[in-house]
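Participant: next comes the sequence, and after it the predicted model I'd like to discuss.
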2 protein chains.
Amino acid sequence: MEVESRYVAVRHHVEGFPSEDDFEVKTGKLSWRPESGEVLVRNLLAHVDAGGIVPGERVTAYGAGKVVASACAEYKEGDVVAGLLGWEDYTLFRPTPGVLMYKLPAGSDDDDLHLKHHLSALGTSGMTAYAGSLYEVCKPQRGEKVFVSAASGSIGSLVGQFAKLAGCYVVGCTSSNAKVELLKNQLGFDDAFNYKEEPDMKSALKRYFPDGIDIYFDNIGGKMLDAALVSMNTHGRVALCGAISEYTDASHRAAPDLLEVIYKRIAIRGFVVWDFLTRFNEFTGIIGDWIRQGKVQPIVDVSNGLESVPSALTALYLGLNIGKKLIKLA
Amino acid sequence: MEVESRYVAVRHHVEGFPSEDDFEVKTGKLSWRPESGEVLVRNLLAHVDAGGIVPGERVTAYGAGKVVASACAEYKEGDVVAGLLGWEDYTLFRPTPGVLMYKLPAGSDDDDLHLKHHLSALGTSGMTAYAGSLYEVCKPQRGEKVFVSAASGSIGSLVGQFAKLAGCYVVGCTSSNAKVELLKNQLGFDDAFNYKEEPDMKSALKRYFPDGIDIYFDNIGGKMLDAALVSMNTHGRVALCGAISEYTDASHRAAPDLLEVIYKRIAIRGFVVWDFLTRFNEFTGIIGDWIRQGKVQPIVDVSNGLESVPSALTALYLGLNIGKKLIKLA
């Protein structure tokens, strides 16, 4: 079977923030043969994530799709799958241990809302938020003070809600007044602020956390981490989840005051969601219950069509999205 | 009772490295009264530690001394004590919860070697090394690769020996070729190097750790931490024990690559020995056995007399000492 498949390609090395011109949509052919051991998937919905942008012919991305042909016993035509696919109409994949790919319930593709959840709160964003905020890294205790940066993003918006369910006081930092309102009025954050309106982050954090910060869930890195450490309490924990301020400009690097880290016995820990894959069903089961019970609201922001990937990615770096940024591919 | 007591005073605010001129020896009188609740101690031996140097009349320092008068039931004349005393002939103290002060075995003051051990491997240096390297922070597994900076210092020299006893591969970094020889030939380090002879620390660490670093016990901070992170393995652990390179010059601050910390799931943890005081007897019991069995060699460097405090402290900042730096006061 041969299909024509459009895909997003990176034209050249990208230095700093990406712009739409760095990308182009190309068209190629994919061949699937019964003896190949491969699975051909029509992609339906895909992540737009910040991260390394490497010039090349094809960009992988997490997404959901429907199997159109399979030479592998685990998958059959019509299965709806989620995992590592790509910014392209079709993906050919060969099941590989350690590379995320799993089946979604039959009919998920007919249920737009359901599919979006599977790529956000019930997918890697939810897993990351759960593992980093509740399960492994931070382990919040009732009454602890939690600071979340990039709080209206895909992971931050869940972290804040999970920490509220754990009985914490939660303040989020975001990049617009509209997002501040969303966090406070819709997602139940105790407080939130727009970092663009805070010329001095250290004093802002002292104001929002008069009793100090016990847990900082860091999606940003850079100067925000330095500032958070100043307000952290003894035995504070920092979960390093992302460092978007450092992807594009190494001069924004965090230069934490190590004496503060020592005297306050602070633990700073990087973590990666893939280490928790064995807990996938457990975590998504809990999060799914919370969603059904109305205790957690996943926030998803969907753009339409492969050609909107470049603008969506650029907007993500500029902090213009709210919640999980997805692209509808079919 | 009134005694004349000489003491080391800090003349003025010290910026950067201290020099001998920043200090002076003064003489004052201390009055002890039976109704005061205080204990008067003749100091015998005191620590010289790097740390904050604050202008003022009196500098506190850990040390050992002999009680000459006591208005407190816990202590009686003739007891040998160790804890927070000072750079002075006599110290007046009032037992206070949370401030380290404990009795040493009777006769410790007649046994020079024993007293030195109590202020090094069986004191806070040993506690710090044990808590940070073995017990709580790093938890080395047999075969893991351990990097120790300031490895010939009071804490580093013990950390390296403890890690060898735990079955690890241990490389130390120090500041002279003589110290390199000490680490390799006398203390059993697998390898050691003089950082002054390594223009590029990142490539030096790649050379000394072809299989990467699992544990970095950091006494230094600054650029050395940045370099160590580059060579660290997945799930590496960094124990932040001191940051001597940052005490004197904030421009040497570490600016770790957070993306590396995230992708490699590295945990960086500051710790302070006081959190482990409840384990004091357990830890020093183990270390004492190792010393008696010849498995651990404490390294101690003693200068004579209160007037040698300024030169000893200055030498410490210049990295000229080996092992625990102590001052014999009587």
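Facilitator: Cool, the structure landed.
Participant: any idea whether the closest residue to A:Phe276 other than its chain neighbours is helix, strand or coil?
Facilitator: Excluding the flanking residues, the one nearest A:Phe276 by Cβ to Cβ, 6 or more residues apart in numbering or on different chains is A:Ala131, at 4.3 Å. To be clear about C-beta, it is placed using only N, CA and C from the backbone, and glycine gets the same treatment. Here A:Ala131 is recorded as helix under DSSP: H, G, I helix; E, B strand; the rest coil.
Participant: wait, A:Ala131 sits on A:Arg279?
Facilitator: Yes. Counting by Cβ atoms under 8 Å, A:Arg279 is a contact partner of A:Ala131 at 7.4 Å.
Participant: neighbour count: those two, which is higher?
Facilitator: Ranked by neighbour count (other Cβ atoms under 10 Å in any protein chain shown), A:Ala131 and A:Arg279 place A:Ala131 first, with 23 against 16.
Participant: if I pick the more buried one, what's in contact with it?
Facilitator: A:137, A:271, A:273, A:275-276, A:279, A:283 (Cβ atoms under 8 Å, 6 or more residues apart in numbering or on different chains).
Participant: hmm, who's touching the lengthiest strand in chain A?
Facilitator: Longest strand in chain A by number of residues, with DSSP state E as the criterion: strand A:60-70. By Cβ under 8 Å, 6+ apart, the surrounding residues in contact with strand A:60-70 are A:1, A:3, A:32, A:39-49, A:75-87, A:90-91, A:100, A:104, A:108-109, A:115, A:118-119, A:123-124, A:329.
Participant: among the residues you listed, name the ones in strands.
Facilitator: Per DSSP E, those map to strands at A:3, A:39-47, A:80-86, A:90-91, A:104.
Participant: buried members of the residues you listed into PyMOL, please.
Facilitator: Selection of the buried residues among the ones in strands among the contacts of strand A:60-70 in PyMOL, burial being defined by 16 or more other Cβ atoms under 10 Å in any protein chain shown:
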select buried, chain A and resi 3+39+40+41+42+43+44+45+46+47+80+81+82+83+85+86+90+91+104
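Participant: tell me the pLDDT at A:Glu246?
Facilitator: Here the pLDDT value assigned to A:Glu246 is 64.
Participant: now do A:Thr234
Facilitator: pLDDT at A:Thr234 comes out at 96.
Participant: same question, A:Cys72
Facilitator: 92.
Participant: check contacts around it.
Facilitator: Taking Cβ under 8 Å, 6+ apart, we find A:Cys72 in contact with A:37-39, A:94-95.
Participant: so A:Ile291 makes contact with A:Lys116?
Facilitator: No. Using Cβ under 8 Å, A:Ile291 makes no contact with A:Lys116, being 11.2 Å away.
Participant: the more surrounded of those two?
Facilitator: Counted by other Cβ under 10 Å, A:Ile291 and A:Lys116 do not tie: A:Lys116 has more neighbours, with 22 against 17.
Participant: who in the stretch 151-300 of chain A is up against chain B?
Facilitator: A:221, A:225, A:240-243, A:246-247, A:253-259, A:261-272, A:275 (Cβ under 8 Å from any Cβ of the partner chain).
Participant: apply 7 Å and report the result again.
Facilitator: Residues of the stretch 151-300 of chain A lying close to chain B (Cβ under 7 Å from any Cβ of the partner chain) are A:221, A:240, A:243, A:246, A:253-256, A:258-259, A:261-272, A:275.
Participant: from those, which land in strands?
Facilitator: Going by DSSP E, the strands hold A:240, A:267-270 from those.
Participant: can I get those in a markdown table including pLDDT and neighbour count?
Facilitator: As requested, these are exported to a markdown table (pLDDT from 0 to 100; neighbours: other Cβ atoms under 10 Å in any protein chain shown):
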| residue | pLDDT | neighbour count |
| --- | --- | --- |
| A:Leu240 | 93 | 29 |
| A:Ala267 | 95 | 19 |
| A:Ile268 | 95 | 28 |
| A:Arg269 | 94 | 21 |
| A:Gly270 | 93 | 29 |
